[in-house]
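Visitor: Provide a 3D model corresponding to the input given below.
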Amino acid sequence: MKKIAVVGCGSYMDSGYGCPGEWRCLKAAAMGEGKFEEQSNVIAFIQCECPGRSVIPTVGMAMKLSEIKPDAIHLSSCLANAKPGCPYTTPEELAKMIETKTGIKVISGTHDYH
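Guide: Here you go, the predicted structure:
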C-alpha cells in the first residue's frame, strides 16, 4: 500500500469553504479514488497556514516524527483548486518547492467529490 502525505489549505479547512476538514481526502485515499492510483495509507495531514512559509519545514517534521517517508505528497483538492486562489503562491509553485526540498513527487489534488 502506498504511503502518502496530504497538504491541505488551512484557510479553507478552518473556514469551511467547501472543505469541512480532511474527511474527503482521507476517504479518497482509503478507497483509491480521485487522484489516488490505489488504496493509500495517509501517514501525515499537514495544514498549510498563511502565508505558507512553514509548510515545507512542517512536511519535513511530519516525516521525521512519523519515521515514515511518503511515496508521494498530495496537495488537497481544496488547496489545488481554491477559488479564490491563494494570494501567496500557486499550487504549481508550492508543489515545485516541496519536491525540490523533499525529493518526493507532489500530486495536485486528492478527490473529485463535491
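Visitor: roughly how far apart are residue 65 and residue 52?
Guide: From residue 65 across to residue 52, the span is 20 Å (CB to CB, to the nearest Å). Where C-beta positions appear, they are placed from N, C-alpha and C, glycine not excepted.
Visitor: Please disregard the earlier target; I meant residue 99.
Guide: Applying CB to CB to residue 99 and residue 52 gives a distance of 15 Å.
Visitor: of these two, who's got more company?
Guide: Taking neighbours as other CB atoms under 10 Å, residue 99 and residue 52 compare with residue 52 leading, 19 against 13.
Visitor: The lowest-mean-pLDDT helix or strand in the chain - contacts with which helices or strands?
Guide: Ranked by mean pLDDT, DSSP states H and E, the weakest helix or strand in the chain is helix 10-15, scoring a mean of 80. If contacts are counted by 3 or more CB pairs under 8 Å, 6 or more residues apart in numbering; DSSP states H and E, helix 10-15 sits against strand 40-48, helix 77-80.
Visitor: Out of those, flag the one nearest residue 104.
Guide: Of all the helices and strands packed on helix 10-15, strand 40-48 sits nearest to residue 104, with 11.3 Å by CB to CB.
Visitor: For this structure, give me the ranges with low pLDDT.
Guide: 16-22 (pLDDT under 70).
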